[in-house]
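Trainee: Build me a structure from this.
(one chain, ligands or ions: 1)
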Amino acid sequence: MSTLKVENLSKQYGDVTALEDVSFQIEDEFAVLLGESGAGKSTLLRCINGLTDPTEGSISLDDEPITGSQTEIGMIFQQHNLVDGVSAYLNALTGSLNRVSMLKSMLQWQSREDKLRALEALETVGLLDESHQRVSQMSGGQQQRVGIARALVQDPRLLLADEPVASLDPSSAETVMGYLRKAAKEHDVTALVSLHQVNIAAHFGDRFIGLRDGRKLFDVGRDELTPELIDDLYGSVETVGLADQEKTVEEALDAIGDDPSEGAAEDAQRGIEA
Ligand SMILES: Nc1ncnc2c1ncn2[C@@H]1O[C@H](COP(=O)(O)OP(=O)(O)OP(=O)(O)O)[C@@H](O)[C@H]1O
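Mentor: Below is the predicted model:
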């Protein structure tokens with residue numbers, strides 16, 4: 001098991017503050033990152049796995065600074081990023097690419113140990129019997145499980161997953177999350193998973209980090225995740241998505257009338273009439 005330490009992390013994209021002074025530490029846990037769209041979850045995960053550089057702050061894994069893309073971090077994406085035309089087994093085997101080349105991987109020139117590791121990883125996610133099936137013939141949930149197996153074959157010290165079940169129906173989402181948690185626990189890997197489904201998060205997480213507008217709103221254990229905290233994070237049902245609008249519809253129309261792009265609207269109207 002490993003310790004991930006994030007200290008005073010900030011990320012600025014031009015004028016947009018995606019993360020502001022975020023600090024936390026995760027050790028031997030299955031942690032869930034919560035927050036509404038735009039809260040900064042993906043940016044945080046991208047900073048941790050070296051896909052983007054933070055503007056300020058530091059990230060370390062077992063007290064070693066993370067400065068670039070690390071082979072010891074296994075990443076699971078929402079879109080599985082698998083090689084469609086080949087089997088679940090060969091996809092899982094590509095997780096050993098940090099140890100062998102892509103060509104060797106596709107020609108199955110890996111060591112027996114790597115091949116066993118790929119099959120064991122598929123067994124962990126319940127797909128040993130489907131290991132020779134092409135991933136293009138698998139369901140979305142099964143494909144995501146192959147993605148988890150591939151990350152396990154990498155033998156990572158940290159598993160990151162960015163909305164891994166966002167595109168799945170509720171039942172498949174629960175199955176995949178169950179296998180993801182099992183994979184992390186069986187392989188003793190610390191995990192940080194971003195999710196927007198609060199019920200699924202509450203069911204599977206040991207620890208919950210809430211982000212709002214790029215800032216850490218809470219960092220709590222399973223027993224401390226209250227409905228009040230969730231309301232603070234997402235807003236109550238009455239207010240979600242119902243932000244006050246500054247202009248009336250008439251004022252907005254007047255504003256468009258003053259806009260130099262008005263000519264374009266007239267062109268479009270002429271196009272419709274033609
Ligand atoms: N490459 C980028 N360039 C400019 N702004 C960006 C970039 N990536 C993210 N942002 C902005 O940073 C903020 C945080 O975005 P981020 O994608 O991290 O949020 P998120 O919580 O993952 O949202 P979602 O759940 O919708 O993916 C948003 O305001 C977003 O528009």
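Trainee: all contacts plus neighbour counts: C-alpha atoms, from now on.
Mentor: OK.
Trainee: What segments of this structure are helices?
Mentor: 41-48, 88-93, 102-106, 112-124, 140-153, 170-186, 198-204, 227-234, 249-258, 262-273 (DSSP state H).
Trainee: Quick one: closest of those to the ligand.
Mentor: Taking CA to the nearest ligand atom, helix 41-48 is the member of these nearest to the ligand, at 3.6 Å.
Trainee: give the contact list for Tyr179.
Mentor: Counting by CA atoms under 8 Å, 6 or more residues apart in numbering, Tyr179 touches Thr124, Val125, Gly126, Arg145.
Trainee: Then Gly214?
Mentor: Thr17, Ala18, Leu19, Glu20, Val22, Ala39, Gly40.
Trainee: Adding pLDDT, write those residues out as TSV.
Mentor: Compiled in TSV, those are given as follows (pLDDT from 0 to 100):
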residue	pLDDT
Thr17	95
Ala18	96
Leu19	97
Glu20	97
Val22	97
Ala39	93
Gly40	95
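Trainee: Kindly provide the distance from Gly35 to Leu44.
Mentor: 12 Å (CA to CA, to the nearest Å).
Trainee: now Leu51
Mentor: Per CA to CA, Leu51 is found 10 Å from Leu44.
Trainee: Which of these two has more residues huddled nearby?
Mentor: Using other CA atoms under 10 Å, the more surrounded residue of Leu51 and Leu44 is Leu44, with 25 against 14.
Trainee: about what we covered before: pipe the helices of the chain into CSV and attach distance to the ligand and mean pLDDT per row.
Mentor: What follows is the helices of the chain, written out as CSV (distance: least, CA to the nearest ligand atom, whole Å; pLDDT from 0 to 100):
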stretch, distance to the ligand, mean pLDDT
helix 41-48, 4, 94
helix 88-93, 26, 92
helix 102-106, 28, 60
helix 112-124, 28, 91
helix 140-153, 18, 93
helix 170-186, 16, 92
helix 198-204, 13, 92
helix 227-234, 12, 90
helix 249-258, 24, 74
helix 262-273, 27, 49
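Trainee: Stretch 181-200: end-to-end distance?
Mentor: Using CA to CA, the distance between the terminal residues of stretch 181-200 is 12 Å.
Trainee: Outside of that stretch itself, which residues are in contact with it?
Mentor: Looking at stretch 181-200 with CA under 8 Å, 6+ apart, the contacting residues turn out to be 1-4, 26-36, 41-42, 124-125, 148, 152, 156-166, 174, 177, 201, 204.
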